[in-house]
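[1] coords below, sequence missing:
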């Protein structure tokens, strides 16, 4: 069997590659610097026509809601999705396609988000994600087996410090080594999920292997505050975070709570194995 992973260089691509390799599935990995660009239909179509993959995973994206990423996110997420699905439709209709979505594309009323909740395009990232889901639904109506998994916050040691979870864990380790540092962050009461990326990609496979459910939150549904994460990381090195963390009053979080209702994905047998505390230990001990 053969799989194409668009976005193989990201944390999700890394763990998915490792999981599929264990299953003896041949991997064709497409990263940001590869010659085959996801926003070029001819390149994508040639690849899919030639390789006839059993699976395609579209994980490529720039994980930011900043307006400056407008065109990059549109080309990678929206145009990339259309290019993949049209190429599959024309040249490899047996291929199963997974498209990653996000909890950020839903209207957020500070309660657990369901797959059936209303979409809301609050930023350029959400707009691109919403368009890709509608494209997936259209091609599904044409007979293509295309799945959408909505991701909520998930982490691993592979994150960089642009992500707050990693920023906190790395800062705690540096301070514990004696480096004089103050960590400045926004509202520490914001609640989100902290799920291990390796568990998330296992959920991706759980979804794409079956034929009854085509859209699902792949998420734990367990919410923790940023303060909880600070407590966990700094306590692992014997420090009180309050001595080293300051507040940035100019930063406003786009949400106060971003958690999911994972009932559907759990109904097909998936659940995360790495706990909040275990994730903190993993990121502090890397």
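    Alright, I've got the coordinates. The model shown is predicted, which means the values in this text are computed figures rather than measured ones.

[2] going forward, measure contacts and count neighbours with C-alpha atoms only.
    Noted.

[3] pretty sure residue 1 contacts residue 28?
    No - Residue 1 is beyond contact range of residue 28, at 11.2 Å (criterion: Cα atoms under 8 Å).

[4] of those two, who's got more company?
    Neighbour count, other Cα atoms under 10 Å: between residue 1 and residue 28, residue 28 has more, with 17 against 12.

[5] isn't there a strand covering that one?
    Yes - membership of residue 28 in a strand is supported by DSSP: H, G, I helix; E, B strand; the rest coil.

[6] show me the contacts for it.
    With contacts defined as Cα atoms under 8 Å, 6 or more residues apart in numbering, residue 28 is in contact with 2, 3, 4, 5.

[7] try 6 Å this time
    Going by Cα atoms under 6 Å, 6 or more residues apart in numbering, residue 28 touches residue 4.

[8] okay, now the residue nearest to residue 49 when sequence neighbours are not counted: neighbour count?
    Setting aside the residues directly before and after it, residue 49 is nearest to residue 91 in space (Cα to Cα, 6 or more residues apart in numbering), at 5.2 Å. Residue 91 has 17 neighbouring residues, counting by other Cα under 10 Å.

[9] what about residue 91, distance to residue 270?
    Plainly put, residue 91 is 32 Å away from residue 270 if you go by Cα to Cα, to the nearest Å.

[10] now the longest helix seen in the chain: mean pLDDT?
    Longest helix in the chain by number of residues, with DSSP state H as the criterion: helix 124-141. Averaging pLDDT along helix 124-141 yields 96.

[11] cool, stretch 79-96 as well?
    The model assigns stretch 79-96 a mean pLDDT of 98.

[12] residues making contact with that stretch?
    Stretch 79-96 is contacted from outside by 38, 39, 41, 45, 49, 52, 54, 55, 132, 145, 146, using Cα under 6 Å, 6+ apart.

[13] what comes up buried for stretch 81-99?
    Neighbour counts over stretch 81-99 (16 or more other Cα atoms under 10 Å) mark 81-89, 91-93, 95-99 as buried.

[14] what's the distance between that stretch and the middle of its chain?
    Put simply, stretch 81-99 sits 20 Å off its chain's centre (Cα atoms, centre = their mean, to the nearest Å).

[15] Need the buried ones from the contacts of stretch 79-96 selected in PyMOL.
    This is how PyMOL selects the buried members of the contacts of stretch 79-96, with burial counted by 16+ other Cα under 10 Å:
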select buried, resi 38+39+41+45+52+54+55+132+145+146
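
[16] out of the contacts of stretch 79-96, which one sits closest to residue 274?
    Of all the contacts of stretch 79-96, residue 55 has the smallest distance to residue 274: 26.1 Å, by Cα to Cα.

[17] Tell me the spacing between the closest one and residue 138.
    19 Å.

[18] before we move on, back to that, buried ones in the longest helix of the chain, by neighbour count?
    For helix 124-141, by 16+ other Cα under 10 Å, it's 124-133, 135-137, 139-140.

[19] next one: stretch 96-109
    Buried residues in stretch 96-109 (16+ other Cα under 10 Å): 96, 97, 98, 99, 100, 101, 102, 103, 104, 105, 106, 108.

[20] Between its first and last residues, how far does it reach?
    33 Å.

[21] and what of stretch 199-215?
    Note: stretch 199-215 ends 18 Å apart using Cα to Cα.

[22] What about the closest residue to residue 195 other than its chain neighbours? Give its phi and psi, please.
    Distances taken as Cα to Cα, 6+ apart put residue 154 closest to residue 195, at 4.5 Å, once the chain neighbours are dropped. With angles defined as degrees, to the nearest 10, residue 154 sits at phi -150, psi 150.

[23] How about residue 194?
    Dihedral angles of residue 194 (phi, psi; degrees, to the nearest 10) stand at phi -130, psi 90.

[24] quick one, strands of this protein?
    Ranges of strands in the chain, per DSSP state E, are 2-6, 26-30, 55-58, 96-102, 146-151, 154-155, 183-185, 191-193, 195-196, 215-218, 223-225, 245-247, 257-258.

[25] In CSV, list these along with distance to residue 14.
    Below are those laid out as CSV (distance: least, Cα to Cα, whole Å):
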stretch, distance to residue 14
strand 2-6, 10
strand 26-30, 10
strand 55-58, 12
strand 96-102, 15
strand 146-151, 16
strand 154-155, 12
strand 183-185, 28
strand 191-193, 20
strand 195-196, 13
strand 215-218, 17
strand 223-225, 25
strand 245-247, 32
strand 257-258, 25
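
[26] In contact with the residue lying closest to residue 183 once chain neighbours are set aside, which residues?
    Spatial nearest neighbour of residue 183, excluding adjacent residues (Cα to Cα, 6+ apart): residue 245 at 4.7 Å. By Cα under 6 Å, 6+ apart, the contact set of residue 245 is 182, 183, 184.
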